[in-house]
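Visitor: Have a look at this fold, sequence not included:
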Ligand code: KG4
Ligand code: ZN
């Protein structure tokens with residue numbers, strides 16, 4: 001079975017083709033991605049209307065690229081999957097509209113996928129795929145959640161952020177340090193040359209006993225510190241970046257360990273854009289070695305938004321029977337859609 005996946009929830013157009021056989025782990029045949037980062041950079045963040053228009057321009061050429069790379073023809077596609085939400089409404093509508101049009105034209109089933117389920121299942125495309133059950137640390141631009149995952153469609157929310165997401169903490173801190181958009185990777189790059197202990201920044205909710213997160217206070221502390229430094233900020237920027245990153249990583253690692261301890265599970269899956277952060281990976285590697293835990297990640301290029309994870313999630317939902325293929329081509333999108341509402 002060949003599943004075409006289309007992702008258009010935010011500022012990346014992603015298309016991919018995944019091949020699935022029964023309950024075996026599906027494999028990626030080809031993928032293609034267009035990032036809108038350059039286009040939005042001038043505005044310091046994503047402009048939703050520009051995002052939608054660019055998705056329209058990119059999605060069909062990317063689909064042709066994916067088919068050419070995989071050696072498959074459009075008629076070989078068995079299922080068309082798209083991101084149904086959460087995300088920007090107009091951007092989501094592009095992927096949904098194209099997917100349903102392709103499905104109708106080809107007379108193939110179409111399946112709307114939850115973006116976060118895509119992130120969650122993306123490590124199954126890696127060379128070291130996890131096994132159920134596991135704890136998932138989902139750290140994207142808009143979400144920071146810890147989840148217990150017992151199988152496809154079996155997600156129990158254990159804790160989440162009560163304000164900003166970890167990705168937002170990276171992005172907002174980077175912005176007020178003048179690092180532009182998207183801030184996460186820029187801040188991480190700068191942090192390499194900084195001292196993570198140079199500034200004492202808060203670790204919100206570190207000892208709260210539950211699995212919730214809060215990063216809004218950290219952003220305020222970074223702003224206060226930056227103002228205090230004034231003209232001294234420039235030469236100390238790497239130190240401030242490293243200290244900010246250390247505070248975020250510290251909280252993510254500690255809460256993940258607590259979730260594993262409380263559940264008695266030994267396997268952690270990290271997914272979402274912040275999962276690309278090397279400092280987070282190094283810190284998790286250290287505790288994993290100490291506590292005999294296994295940590296799984298998506299391949300680096302599949303940490304941020306992509307079409308492969310959407311095709312993958314669709315393939316796994318169909319294979320596990322939680323979803324049946326339908327030939328209904330009327331569609332809606334869900335800009336707000338808690339993963340806990342997904343069956
Ligand atoms: O999952 P994702 O691509 O998009 C959403 O679904 O939101 O995540 C994007 C987030 C952004 O906040 C970005 O700054 C962050 O992931 N990010 C990083 C890194 N790469 C991406 N944060 C820290 N370090 C990185 N290397
Ligand atoms: Zn995402």
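Guide: Received it, and whenever you're ready, just let me know what you need. The shown structure was predicted, so the numbers you read here are calculated from the model rather than taken from an experiment. Ligands and ions are numbered 1, 2, ... in the order given.
Visitor: all strands in the stretch 51-200 of the chain, in order from the N-terminus.
Guide: Secondary structure of the stretch 51-200 of the chain (DSSP state E, counting those that start in this stretch): strands located at 79-85, 110-114, 134-139, 144-151, 154-160.
Visitor: ok, and does stretch 306-315 reach over to ligand 1?
Guide: No. Using Cβ under 6 Å from any ligand atom, we find that stretch 306-315 stays clear of ligand 1, coming within 8.4 Å at best. C-betas here are computed from N, CA, C, even on glycine.
Visitor: roughly how far out does that stretch sit from the chain middle?
Guide: 12 Å (Cα atoms, centre = their mean, to the nearest Å).
Visitor: Can you give the contact residues for it?
Guide: For stretch 306-315, contacts defined as Cβ atoms under 8 Å, 6 or more residues apart in numbering pick out 1, 3-7, 12, 14-18, 20, 26, 28, 31-33, 62, 66, 79, 81-83, 111, 113-115, 117-122, 124-125, 298, 302, 323.
Visitor: Need the strands of the stretch 51-200 of the chain in JSON lines (columns: mean pLDDT).
Guide: As requested, these are exported to JSON lines (pLDDT from 0 to 100):
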{"stretch": "strand 79-85", "mean pLDDT": "98"}
{"stretch": "strand 110-114", "mean pLDDT": "97"}
{"stretch": "strand 134-139", "mean pLDDT": "98"}
{"stretch": "strand 144-151", "mean pLDDT": "97"}
{"stretch": "strand 154-160", "mean pLDDT": "96"}
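Visitor: got JSON lines for those, with distance to ligand 1 and mean neighbour count too?
Guide: Formatted as JSON lines, the strands of the stretch 51-200 of the chain follow (distance: least, Cβ to the nearest ligand atom, whole Å; neighbours: other Cβ atoms under 10 Å):
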{"stretch": "strand 79-85", "distance to ligand 1": "10", "mean neighbour count": "27"}
{"stretch": "strand 110-114", "distance to ligand 1": "11", "mean neighbour count": "25"}
{"stretch": "strand 134-139", "distance to ligand 1": "7", "mean neighbour count": "27"}
{"stretch": "strand 144-151", "distance to ligand 1": "10", "mean neighbour count": "21"}
{"stretch": "strand 154-160", "distance to ligand 1": "14", "mean neighbour count": "17"}
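Visitor: Would you mind putting those into CSV with distance to residue 244 alongside?
Guide: What follows is these, written out as CSV (distance: least, Cβ to Cβ, whole Å):
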stretch, distance to residue 244
strand 79-85, 30
strand 110-114, 30
strand 134-139, 15
strand 144-151, 15
strand 154-160, 21
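Visitor: Columns distance to ligand 2 on top of the ones you listed, output as a markdown table?
Guide: Shown next, in a markdown table, are the strands of the stretch 51-200 of the chain (distance: least, Cβ to the ion, whole Å):
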| stretch | distance to ligand 2 |
| --- | --- |
| strand 79-85 | 9 |
| strand 110-114 | 11 |
| strand 134-139 | 9 |
| strand 144-151 | 12 |
| strand 154-160 | 15 |
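Visitor: So which of the contacts of stretch 306-315 sit within helices?
Guide: Counting by DSSP state H, the part of these found in helices is 62, 66, 115, 117-121.
Visitor: Can you narrow the residues you listed down to the ones near ligand 2?
Guide: Taking Cβ under 5 Å from the ion as the test, ligand 2 is in contact with none of these.
Visitor: what's the most distant pair in these?
Guide: 62 and 120 (23.3 Å; Cβ to Cβ).
Visitor: more crowded one of those two?
Guide: Applying other Cβ atoms under 10 Å to residue 62 and residue 120 shows that residue 120 carries more neighbours, namely 26 against 21.
Visitor: so what's that one up against?
Guide: 136, 138, 147, 149, 155, 269, 271, 313, 339.
Visitor: now those residues in CSV, with distance to residue 263?
Guide: Converted to CSV, the contacts of residue 120 look like this (distance: Cβ to Cβ, whole Å):
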residue, distance to residue 263
136, 11
138, 15
147, 10
149, 10
155, 13
269, 13
271, 17
313, 23
339, 17
